[in-house]
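J.: sequence first, predicted model second:
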Amino acid sequence: LLSFNNPPNELVDALVETTPDDELQSSCGINIDGPILDLTEKKNDEMSLVDMKLIALVLKKNTSVKCLKRGDMINIPIHGGIEGDDKVVEELYLTYKDLKPIDGMIIGIGLMFNTTLTELDLSSNEISDKGAIVIGEGLKINTTLTSLYLDRNNISDEGYAHIAKGLAENPSHQTNKPNE
């Protein structure tokens, strides 16, 4: 699913498949309450890329989670959204929300599972390269997002390279050229 290098993907995938859900969630330091995975209590410097991969794998395994949340700012529907909520989120504008790298990482994970979002504006925040890396991972999988705005986020060329790589590796962004 993801391409973080440490630990090897096969090892983490095998661990996730054989570990009971409650142990897996506690090892990630997360709590799933009904259909919502709320990461509000996570501090900005508490999550590593490996933590994010584990959370993504928990979400892959647990399709009953319908919403990825962090405080009042981020609320991304995943796995089809919450039942009974007939409001489909297609556009999400999070400009000037003081989003930190952890928020960018959470949004990246949300993109892996979201099937409705077409436009996402994250302009004028503090997502940085750390958030851009996971957003790039999300873009490898997401097939619905058509517009993404990341200007004024303290993202370097290296961070934007991860975004570009995610787009390039997504089969839904590849076009078949007719044989000449």
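T.: Yep, it's here. Everything quoted here is computed from the prediction, not taken from an experiment.

J.: by contact count, what packs against the strand or helix carrying Asn75?
T.: Element membership for Asn75, per DSSP states H and E: strand 74-77. Contacts defined by 3 or more Cβ pairs under 8 Å, 6 or more residues apart in numbering; DSSP states H and E place strand 74-77 against strand 67-70, helix 101-113. Where you see a C-beta, it was placed from the backbone N, CA and C, and this is true even at glycine.

J.: how many neighbouring residues does the closest residue to Thr143 other than its chain neighbours have?
T.: Once flanking residues are discounted, Thr143 sits nearest to Ser172: 4.1 Å by Cβ to Cβ, 6 or more residues apart in numbering. Neighbour count of Ser172, defined by other Cβ atoms under 10 Å: 10.

J.: same thing with Ser147?
T.: 10.

J.: same question, Tyr160
T.: 15.

J.: just the pLDDT for it.
T.: Here, the pLDDT recorded for Tyr160 equals 96.

J.: for Leu39, same thing?
T.: For Leu39, pLDDT reads 77.

J.: any idea how far Val88 is from it?
T.: Computed as Cβ to Cβ, to the nearest Å, the Leu39 to Val88 distance reads 23 Å.
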